[in-house]
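**Student:** got a predicted structure plus its sequence, pasted below:
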Amino acid sequence: MKVFDTHIHSEGRSVEDLEEMARGGVYKAVTCAFYPIVPEYPETLLDHFRKLTEFEVERGRSAGMEILPALGVHPRCIPPRYEVVIGRLEEFECVAFGEIGLETGSEVEVDVFVEQLKLAMKMDKPCIIHTPKRNKVEITGKILKILEDLGFPEDLAVVDHATEDTVEEILKAGYFAGLTVQKGKLSPEEVERIVSKYGFDRFVINSDTGFDRAEKLATVKAIERLGFDRNDLEKLAFKNAERIFQM
């Protein structure tokens with residue numbers, strides 16, 4: 001079955017890796033903005049956005065995969081004068097703001113997150129929202145409270161890297177949950193337990209493959225092992241993602 005991987009970092013992978021993903025069934029992927037060190041200048045991120053929207057889209061095309069850029073200020077790479085970056089986000093073509101969110105929940109992270117959410121609401125733009133490995137339950141709760149306080153539209157948010165401990169609160173709040181199949185995040189078995197309990201309507205699936213060692217075809221392998229109705233599997237594999245990102 002074809003799969004729409006809703007969260008990768010394509011620049012961390014070779015063209016050969018992308019070709020392997022395309023041959024394996026990943027026909028579309030959202031490549032999310034992330035700079036692996038804290039930038040010293042806001043212009044660093046602006047050039048990063050240009051790279052994603054120009055160079056990475058073309059690399060995907062040459063590999064046989066449609067790469068769709070998501071742009072934004074990740075909580076782990078907030079530059080000085082971050083408002084310069086947010087002020088220019090509207091200039092770039094992208095399918096979503098992402099990944100944005102919180103890592104530690106600090107005041108500056110919250111400010112950056114909120115400003116990007118406000119812009120997303122203005123532009124009717126979906127958001128891919130990062131939740132951290134540490135203090136995941138607490139920080140996810142803080143993210144959901146921010147979304148609630150802003151009245152953020154339910155169909156515009158994917159709260160990503162959900163786990164069995166956080167998925168219920170995400171779904172109760174009405175948002176989509178991103179299931180990241182990767183070592184240290186979710187195993188295929190955990191994905192199976194989650195969709196068995198909560199159904200398929202508010203989930204997307206991703207691999208988060210990028211700069212670190214990762215299973216490039218984790219999403220395809222997870223879908224293939226699920227013994228459910230094909231119509232339900234298609235929701236998780238690509239239909240929900242196509243709806244969110246208006247493909």
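**Tutor:** Looks like it came in fine. None of these values were measured; they are calculated from a predicted model.
**Student:** buried residues, the longest helix seen in the chain. List them.
**Tutor:** For the chain, the helix that runs over the most residues, judged by DSSP state H, is helix 107-123. Residues 109, 112-113, 115-117, 119-120 are the ones in helix 107-123 that count as buried (16 or more other Cβ atoms under 10 Å). No exception for glycine: its C-beta is placed from N, CA and C like everyone else's.
**Student:** what helices and strands are in contact with that helix?
**Tutor:** Under the contact criterion of 3 or more Cβ pairs under 8 Å, 6 or more residues apart in numbering; DSSP states H and E, the helices and strands touching helix 107-123 comprise helix 82-88, strand 96-101, strand 127-130, helix 136-150.
**Student:** quick one: strands adjacent to the shortest one?
**Tutor:** So that's strand 127-130. Strands flanking strand 127-130 in the sheet, each with its direction: strand 96-101 (parallel), strand 157-159 (parallel) (DSSP bridges).
**Student:** can you put those in CSV and add mean pLDDT?
**Tutor:** Compiled in CSV, the strands paired with strand 127-130 are given as follows (pLDDT from 0 to 100):
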stretch, mean pLDDT
strand 96-101, 97
strand 157-159, 98
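**Student:** out of the ones you listed, which is closest to Leu150?
**Tutor:** With Cβ to Cβ as the measure, strand 157-159 is the member of the strands paired with strand 127-130 nearest Leu150 (10.2 Å).
**Student:** pretty sure Asp5 sits in a helix.
**Tutor:** No: under DSSP: H, G, I helix; E, B strand; the rest coil, Asp5 falls outside any helix and is assigned strand.
**Student:** tell me how many other residues crowd the residue nearest to it when sequence neighbours are not counted.
**Tutor:** With sequence-adjacent residues excluded and distances taken as Cβ to Cβ, 6 or more residues apart in numbering, Asp5 is closest to Ala29, at 4.2 Å. Using other Cβ atoms under 10 Å, Ala29 has 28 other residues around it.
**Student:** can I assume Ala29 sits in a strand?
**Tutor:** Yes: secondary structure of Ala29 (three-state DSSP): part of a strand.
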